[in-house]
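Novice: What follows is a protein structure lacking sequence information:
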């Protein structure tokens, strides 16, 4: 684990790699673009698999904090699991998925809950009862970005949950467009301490939308919004 100073950490909590079916970003890309964007770390959250995260964890001297994670497809929308090293079965209910993430030692975050072109868990009043640990309020892929970011923040505030940010990157160039700033009281940042900091709400979400040039590139290649 790389040593860091006591300055706040800048971490993208939602990054995909080529181990997601809709992404071609290599593990080498994750490392190089994360450093280029000045990130201290990334959470690798591929769709329904932890393989990319585990492979990146095995790489030595990345100079980054690698948080193993997963984006689980539940029957009610997508949920991020952080500090997860084993797959969580897809297509379960949201509450059961969140329970399994907790049993595996991770924390559960509602991914892009208000998304129009992705499977979000929704803005309903039940969200606060699922057992979630946080809400991803800033996601660079959201469209319309500013409206949905506002709705996500309002949802998180009403549910009394911490607010995170992540790029939801599916292209190398979009890594770090959104990130979470968090306290770092220790001389060495551990994944466990980072997830505790998220749960404690000692975090601030920041970010901007994916530029249209990159959105159009993705759409042209795969017919998908990012």
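Specialist: Now that the structure is in, tell me what you want to look at. This structure is a prediction, so every number in the text was calculated from the model and none was measured.

Novice: how about the strands in this structure?
Specialist: Secondary structure of the chain (DSSP state E): strands located at 9-15, 41-44, 65-74, 77-82, 107-110, 134-139, 163-166, 178-182, 203-207.

Novice: got the angle between the longest one and strand 9-15?
Specialist: Relative orientation of strand 65-74 and strand 9-15, computed by axes from the mean of the first three to the mean of the last three Cα atoms, to 10 degrees: 30 degrees.

Novice: quick one: strand 65-74 to strand 77-82, angle?
Specialist: Relative orientation of strand 65-74 and strand 77-82, computed by the same axes, to 10 degrees: 160 degrees.

Novice: Dig out what residue 139 forms beta bridges with.
Specialist: According to DSSP bridges, the residues that bridge with residue 139 are residue 166.

Novice: Check what pLDDT it gets.
Specialist: You'll see residue 139 listed with a pLDDT of 97.

Novice: who's in contact with it?
Specialist: Shown here is residue 139, whose contacts under the criterion Cβ atoms under 8 Å, 6 or more residues apart in numbering are 14, 111-112, 115, 148-149, 152, 165-168, 178, 207. C-betas here are computed from N, CA, C, even on glycine.

Novice: buried residues in stretch 69-88?
Specialist: The neighbour-count check on stretch 69-88 (16 or more other Cβ atoms under 10 Å) flags 69-74, 76-85, 88 as buried.

Novice: picking up where we left off before, in CSV, list the strands of the chain along with distance to residue 214.
Specialist: As requested, the strands of the chain are arranged in CSV below (distance: least, Cβ to Cβ, whole Å):
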stretch, distance to residue 214
strand 9-15, 15
strand 41-44, 18
strand 65-74, 20
strand 77-82, 21
strand 107-110, 24
strand 134-139, 14
strand 163-166, 16
strand 178-182, 13
strand 203-207, 14
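
Novice: and residue 216, which of the ones you listed is closest to it?
Specialist: Each of the strands of the chain was checked against residue 216 via Cβ to Cβ, and the shortest separation belongs to strand 134-139, namely 18.5 Å.

Novice: Nearest spatial neighbour of residue 77, chain-adjacent residues omitted?
Specialist: residue 121 (3.5 Å; Cβ to Cβ, 6 or more residues apart in numbering).

Novice: thinking again about what came up before, just the buried ones from the contacts of residue 139, in ChimeraX syntax?
Specialist: Selecting in ChimeraX just the buried members of those, where the criterion is 16+ other Cβ under 10 Å, is done with this command:
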select :14,111,112,115,148,149,152,165,166,167,168,178,207
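
Novice: hang on, the earlier thing: which among the strands of the chain is found nearest to residue 25?
Specialist: The closest approach between residue 25 and any of the strands of the chain, judged by Cβ to Cβ, belongs to strand 9-15 at 7.8 Å.

Novice: Off-centre distance for the closest one?
Specialist: Between the mean C-alpha location of strand 9-15 and the chain-wide mean there is a distance of 7 Å, by Cα atoms, centre = their mean, to the nearest Å.

Novice: Next one: residue 142 from residue 50, what distance?
Specialist: According to Cβ to Cβ, to the nearest Å, residue 142 and residue 50 sit 25 Å apart.

Novice: Just want to know which of the two has more residues nearby.
Specialist: In terms of neighbours (other Cβ atoms under 10 Å), residue 142 is the more surrounded of residue 142 and residue 50; the figures are 28 against 22.
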